[in-house]
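J.: need a structure here:
(chains A and B)
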Amino acid sequence: MATKRVGDQKLVRRLLIGAVAIIAIFLIAAPLLAILSYAFAGGAGRYFESLLTEDTLHAVKLSVITALIAVPINTLFGIAAAWAIAKFDFPGRRFLTAIIELPYSISPIVAGVAYLFVFGAQGLFGPWLQANDIKIMFALPGIVLASLFVTAPFVARELIPLLEAQGREREEAGISLGASGFQTFWRISLPGMRWALLYGIILCNARVFGEFGAVSIVSGNVRGETNTLPLHVELLYQDHNSVGAFAAASVLMLIAVFTLIAKFLLERRGVRRHAEGT
Amino acid sequence: MTLHIDSVSKRFGQYQALDSVSLDIPKGELVALLGPSGSGKTTLLRIIAGLETPDQGRVLFDGEDATDVAPRYRQIGFVFQHYALFPHLSVFENVAFGLRVMARETRPSEEQVRQRVSEILKLVRLTNLGERFPAQLSGGQRQRVALARALVIRPRVLLLDEPFGALDVTVRTELRRWLRELQQELGLTTIFVTHDQEEASAICDRIAILNEGKLLQTGSPVDLFTAPATSFVAGFLGSANILARDSLGAGAPAGLAGAKLAFRPADGKLSPSAAAPAPGGHLRLSGTVQHREFLGSIVRYAIARPGGEVQIDAPFKAGEAFIAPGTEVAVDIPHDALISLNS
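T.: From the prediction side, this is the model:
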């Protein structure tokens, strides 16, 4: 028989589990179901028709391109940052960690506005950029920059505790066995962090697709040109095109579901690895 | 390979890890670096491997200065305290690692790798475990994988950092005997770090004792036990009673010049204090039994005396009565059991 533990009374347990379940259903599950029911309100035909409009497709394409640029960059940045913080000891290490995690605690809108002040027409580099005919604001580079800012901590955050726990011994073993720095990284370090890395990449990717605030400031919301998928959803909604809005939203939902499944699989993997003590 | 360590010093911030340590290790010897934690023994091992660079001093392999040689070119087998196996690789691939990362010109063929790894796995008695992963092995098996991985590159020197530290006592005794046999079979110059004096004495040709970054004394286990130079060495290798020479007055034998004298607890003989005067050629101490511990084959008495407490191990014979605490006793130590210490 299981031992009775403190705080494990039947009433408390049932109340808590019940409350969380009800909140989860009303706050999270119900809206998701609503998306699907609205999206398919006019039947599958209308759903696909509105999904395949030129502007929606363009928004999907723009979001995919943004992710294809931002995710690899932040993956590399995350590995480099985590490596520096976890494996080296230097003054300002804690400070650097705090800076990397800043985007977690700052409103994305603020980041968007900040970029506007730096790169916008009235901004710090604005005149120079205009003179040299470089377009950052209200174009793809601005969208990518804002996405980079918002998702900067995702990969690093997953890797730092792992690399700290692993220490340097494996790399030292590799080097003493005659491996070069690159061989050691490629054959030992990278496989050693692969699951945490993948986890970070998936979260980063989900966030790039979902980001609204920062991107809405820097993109300029030009339909069929600088609208990413979330911005496009809002635009369609304001047009009272609810089927279109919800159809586009369902694409984001699909990404979320994939993210959830991948997360679940990776967590199972991660937990198992952890239990093995390696 | 012979190894010369030439006045090596290393500092970590305020902390002097090594202070001008010099040590020569002849080919084929098994040498223990013995000392308490923080004595600098692991730092010295890592300097030999090239994982740390000394602030001063040189490391020479066969007379050639290797101080500035990068660790990957040193061809040194290093076994880490916690093994540092590669968890995502099988036992076979862990061992094969050192061969697979060789430069293209010297890298053995797949067939040669297979053969070499099999040989080594046989040597460390892991023939059937090649497909396993490190997480599926016991501590002793992981230790042998780590050893196999280090041996596969045909190291010039084998370095082991607390190799048996994480193992339980039975595995530890078995493994250290096996390691000694293997080392002699291969004729491999080997250095291992330990804080366990019994382990060091049991299998080593020589022991180098370190404390607070300084090399105190080097010698065979027997030499260090019978002729320690300082009270630290005397107390670290077995237990010892240390006597300040001044506290002995006229009783101290003339032949021993050191500032302190030491004797092993087993060398003192207890007798009732009122008994006959000290036999010739013996140093007599007198005191009161403070405490008694029965340890099986011996009985350990703590004797309080004006110059400090001494410990005496008396052999236990069934039927013989213990000396009760509070009894006044005399301790007689033969002069030839007294060790002269410099400090």
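J.: near chain A, which residues of the stretch 1-150 of chain B?
T.: Applying CB under 8 Å from any CB of the partner chain, we find that the stretch 1-150 of chain B lies next to chain A at B:49-51, B:71-78, B:80, B:82, B:84-89, B:97-98, B:100-102, B:134-135, B:149-150. (Each C-beta comes from the backbone N, C-alpha and C, glycine too.)
J.: Kindly recompute the last result at 6 Å.
T.: B:49, B:51, B:71-72, B:78, B:80, B:84, B:86-88, B:97-98, B:101, B:135 (CB under 6 Å from any CB of the partner chain).
J.: So which of those are in strands?
T.: Per DSSP state E, strands hold the following members of the residues of the stretch 1-150 of chain B next to chain A: B:Phe78.
J.: Just the buried ones among the residues of the stretch 1-150 of chain B next to chain A, please.
T.: B:49, B:51, B:71-72, B:78, B:80, B:84, B:86-88, B:97-98, B:101 (16 or more other CB atoms under 10 Å in any protein chain shown).
J.: In helices, which of the residues of the stretch 1-150 of chain B next to chain A appear?
T.: Among the residues of the stretch 1-150 of chain B next to chain A, the members falling in helices (DSSP state H) are B:49, B:97-98.
J.: Domain-wise, how is chain B divided?
T.: By the assignment in automatic domain parsing, chain B contains the domains B:3-236, B:245-341.
J.: Next, the buried residues of stretch B:2-11.
T.: B:2-6, B:8-10.
J.: hmm, back to that, adding pLDDT and distance to A:Ala80, write the buried ones among the residues of the stretch 1-150 of chain B next to chain A out as TSV.
T.: Output for these, formatted as TSV (pLDDT from 0 to 100; distance: CB to CB, whole Å):
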residue	pLDDT	distance to A:Ala80
B:Ala49	96	27
B:Leu51	95	23
B:Pro71	95	23
B:Arg72	94	22
B:Phe78	96	27
B:Phe80	94	26
B:Ala84	95	23
B:Phe86	96	22
B:Pro87	94	23
B:His88	93	21
B:Phe97	97	25
B:Gly98	96	28
B:Val101	95	23
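J.: out of those residues, what pair is the most spread apart?
T.: Greatest spatial distance among those (CB to CB): B:Ala49 and B:His88, at 23.7 Å.
J.: helices or strands up against the host helix or strand of A:Ile109?
T.: In the assignment (DSSP states H and E), A:Ile109 maps to helix A:108-119. Contact partners of helix A:108-119 among helices and strands, from 3 or more CB pairs under 6 Å, 6 or more residues apart in numbering or on different chains; DSSP states H and E: helix A:140-151, helix A:213-219.
J.: So what angle separates the directions of it and helix A:140-151?
T.: 140 degrees (axes from the mean of the first three to the mean of the last three CA atoms, to 10 degrees).
J.: How about the residues of the stretch 51-200 of chain A by chain B?
T.: So the stretch 51-200 of chain A meets chain B at A:169-170, A:172-173, A:175-179, A:183, A:188, A:191 (CB under 6 Å from any CB).
J.: Which of those residues are buried, as a ChimeraX select command?
T.: Buried subset of those, written as a ChimeraX selection, criterion 16+ other CB under 10 Å:
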select /A:169,170,172,173,175,176,177,178,179,183,188
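J.: my guess is A:Glu158 contacts A:Leu197, does it?
T.: No: taking contacts as CB atoms under 6 Å, A:Glu158 lies outside contact range of A:Leu197: 7.1 Å.
J.: Settle it for me: which of those two has more neighbours?
T.: Taking A:Glu158 and A:Leu197 together and counting by other CB atoms under 10 Å in any protein chain shown, A:Glu158 has the greater number of neighbours (25 against 20).
J.: follow-up on the earlier one: other residues contacting the helix holding A:Ile109?
T.: The contact list for helix A:108-119 (CB atoms under 6 Å, 6 or more residues apart in numbering or on different chains) reads A:123-125, A:136-137, A:145-146, A:149-150, A:213-214, A:217-218.
J.: Burial check on residue 243, number of neighbours?
T.: All of this is about chain A. Per other CB under 10 Å, the neighbour tally for A:Val243 reads 19.
J.: my question was about chain B
T.: Neighbour tally, B:Leu243, other CB under 10 Å: 23.
J.: Disregarding residues adjacent in the polypeptide, which is nearest to it?
T.: In space, and not counting its chain neighbours, B:Leu243 is closest to B:Leu261: 4.7 Å by CB to CB, 6 or more residues apart in numbering or on different chains.
J.: any idea how far chain A is from that neighbour?
T.: Plainly put, B:Leu261 is 45 Å away from chain A if you go by CB to the nearest CB, to the nearest Å.
J.: what are the ranges of the helices in chain B?
T.: Ranges of helices in chain B, per DSSP H, are B:41-49, B:91-100, B:110-123, B:139-151, B:169-186, B:197-203, B:221-226, B:231-236.
J.: max-length strand in chain B?
T.: What stands out as the longest strand in chain B, according to DSSP E, is strand B:282-294.
J.: any chance of the domains of chain B in TSV, plus distance to A:Ala21?
T.: Output for these, formatted as TSV (distance: least, CB to CB, whole Å):
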stretch	distance to A:Ala21
domain B:3-236	37
domain B:245-341	63
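J.: just so I know, which of those lies nearest A:Ile69?
T.: With CB to CB, the closest approach to A:Ile69 among the domains of chain B belongs to domain B:3-236: 29.7 Å.
J.: any low-confidence regions in the stretch 1-150 of chain A?
T.: Across the stretch 1-150 of chain A, residues meeting the criterion (pLDDT under 70) sit at A:1-4, A:7.
J.: By proximity to chain B, which residue of it wins?
T.: Among the residues of the stretch 1-150 of chain A, A:Asp89 lies closest to chain B, at 10.6 Å counting by CB to the nearest CB.
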